[in-house]
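Visitor: mind folding the following:
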Amino acid sequence: MAALQASSAAISSSSSLGCSSKRTITASIQLPKPTKLSLSNQGATVTKKLVEELRTRNGYAFVEPLQKDFAQKDRVSEPRLSPNSFVKTTNKLYAILEAVEDRVEMHNNIGEQRDNWNELLLNSVNMMTLTATTTAAMAAAAPAPSLGVCSALLFTAATGMSLVMSKIQPSQLAEEQRKASRLFKQLQSQIKSMLALQSPTESDVKKMMEKVLAVDKAYPLPLLGAMLDKFPAKFEPATWWPRSSNNRRQSRGQKTMANTETNGWSKDLEVEMRAIVQVLRSKDKQDYLRLGNLALKMNKMLAVSAPLLTSIAAAGSAFGGSTAMTVAAIAGTMAAIVNSFEHGGQVGMVVEMYRNNAGFFDLMEETIEATLEERDYSKRENGEMFEMKVAMKLGRSLSQLRDLARKSMASCIQGTEVEEFGSKLF
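Guide: Prediction:
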């Protein structure tokens, strides 16, 4: 009996200990109530830490698109697009893409057509001119009224066709369409990249529409009314991009913003880019302007000479007589030579090529200056990427580009001229 009482006492004591231990365990594992988290601040902190970790692990080239995207999302000035606005903006870009693809096809087809014009018209004018010249020579050796009339008619038709060719310059028209097709293909790839890699905004839609309309204005399709002047009083570079003078004036008026992130830019890189601009302005652009002026003057002279010679030949054939027929034959021969040199050599195409090349360097100069005048580094393109793009457009490596910048700076200090051109492509 005593043993049973002792065992019951032990059991009761152990149960009391067990209950107290249970209470202790229960109290120890109780969790505090969840507090409200500030998602905006902590999300930004986690995002920045994630970007820094990816940068150290994977390298800058992979992280840059992510960093740029996060930086754009953190801006207060650009509100986040709602799903409906995003779909609407994307549809607008797809509509612009369809129009650009259609323009590429149109300019390709019309470019081939005008290239055929140049070949067919040149062959027709030369055949008529040479036939009329042969007829005039036969009439000079053996006078015959019928030969003189045939020669005069052929020379008159050749004069009219030569005037048309000199006015429209088919080879220059074909080069304009080739250039326009190339520019629209560039816009096409830009829009596709924008749709695939980032969220488009209304400003992107506006910029793309401005670029499309600028190319339309620079290289019009119709001949009557909208055709570019083939013989301007002054040779000027082609302009196929929307001018950013207003934006550049606004950026000049802005104060320098305190920003610890330089976005790949440094003072040395800015000095290097200014030195490259100086070389492009003083060497490449000036050289193409000089060559373009020479080609334009030659084209003007040839465009006037060919119809003038065929009209002289037509007048000589109309008057008749041995001497007049001889003059007509000589003038017709010279007209065929001039036509072959002008349109067979595609002097108009050379003028347009020089005009486009000068415009390319003008665009490079304006792009670099507009980038350097932007005071906020976060709004600039990454400095390393920008330097690489400039080097590739000029056909140089990064070391060659920096060496050219050093030569340009040394020439400015010494007061001499850089002997090397900026571009190695053309």
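Visitor: following the strand or helix carrying E98, which helix or strand comes up?
Guide: Secondary structure assignment for E98, by DSSP states H and E: helix 83-141. Using DSSP H and E, the helix or strand that follows helix 83-141 in sequence is helix 145-168.
Visitor: for that next one, name the packing helices and strands.
Guide: If you count contacts as 3 or more CB pairs under 8 Å, 6 or more residues apart in numbering; DSSP states H and E, helix 145-168 packs onto helix 83-141, helix 285-319, helix 322-339. In short, each C-beta sits where N, CA and C put it, glycine included.
Visitor: that helix: what's the following helix or strand?
Guide: Once the chain leaves helix 145-168, the next helix or strand it forms, by DSSP H and E, is helix 170-197.
Visitor: ok, back up a step: need the winner for burial among the helices and strands packed on helix 145-168.
Guide: Compared across those, helix 322-339 shows the largest average neighbour count, a mean of 21 (mean count of other CB atoms under 10 Å).
Visitor: per-residue confidence at N263?
Guide: Looking at N263, its pLDDT is 87.
Visitor: grab the nearest non-local neighbour of it.
Guide: Y377 (4.4 Å; CB to CB, 6 or more residues apart in numbering).
Visitor: quick one: the one you found and P200, what's the gap?
Guide: Distance of Y377 to P200, given as CB to CB, to the nearest Å: 23 Å.
Visitor: check D216 too.
Guide: Counting by CB to CB - D216 and P200 are separated by 21 Å.
Visitor: so between the two, which is more surrounded?
Guide: More crowded of D216 and P200, by other CB atoms under 10 Å: P200, with 19 against 15.
Visitor: three-state assignment of the more buried one?
Guide: When classified by DSSP: H, G, I helix; E, B strand; the rest coil, P200 comes out as coil.
Visitor: these two touch, right, it and T90?
Guide: Yes. Under the criterion of CB atoms under 8 Å, P200 makes contact with T90 at 6.0 Å.
Visitor: if we can go back for a sec, what is the helix holding E98 packed up against?
Guide: helix 145-168, helix 170-197, helix 202-218, helix 285-319, helix 322-339.
Visitor: beyond the last one, next helix or strand please.
Guide: So the one you mean is helix 322-339. helix 347-373.
Visitor: buried ones in that following helix?
Guide: 347-368, 371-373 (16 or more other CB atoms under 10 Å).
Visitor: I368 against M273, yeah?
Guide: Yes. With contact defined as CB under 8 Å, I368 counts as touching M273 (5.2 Å).
Visitor: find residues that contact each of those two.
Guide: Taking CB atoms under 8 Å, 6 or more residues apart in numbering as the criterion, I368 and M273 both touch V390.
Visitor: mind pulling up the pLDDT for the residue nearest to the spatial centre of the chain?
Guide: Using CA atoms, centre = their mean, the residue of the chain that lies closest to the mean C-alpha position is L183, 5.7 Å off. Looking at L183, its pLDDT reads 96.
Visitor: dump the residue contacts of the closest residue to it other than its chain neighbours.
Guide: Once flanking residues are discounted, L183 sits nearest to V215: 5.1 Å by CB to CB, 6+ apart. Taking CB under 8 Å, 6+ apart, we find V215 in contact with 103, 180, 183-184, 187, 240.
Visitor: just Q190 next, same as before
Guide: By CB under 8 Å, 6+ apart, the contact set of Q190 is M208.
Visitor: that one and N356, how far apart?
Guide: 19 Å.
Visitor: A141 now?
Guide: Distance, A141 to N356, by CB to CB: 50 Å.
Visitor: equivalent analysis for M165, please.
Guide: For M165, the distance to N356 - CB to CB - is 22 Å.
Visitor: repeat for Q113
Guide: Applying CB to CB, the value for Q113 to N356 is 20 Å.
Visitor: before we move on, what about A174?
Guide: Taken as CB to CB, the span from A174 to N356 is 13 Å.
Visitor: try N116
Guide: Applying CB to CB, the value for N116 to N356 is 22 Å.
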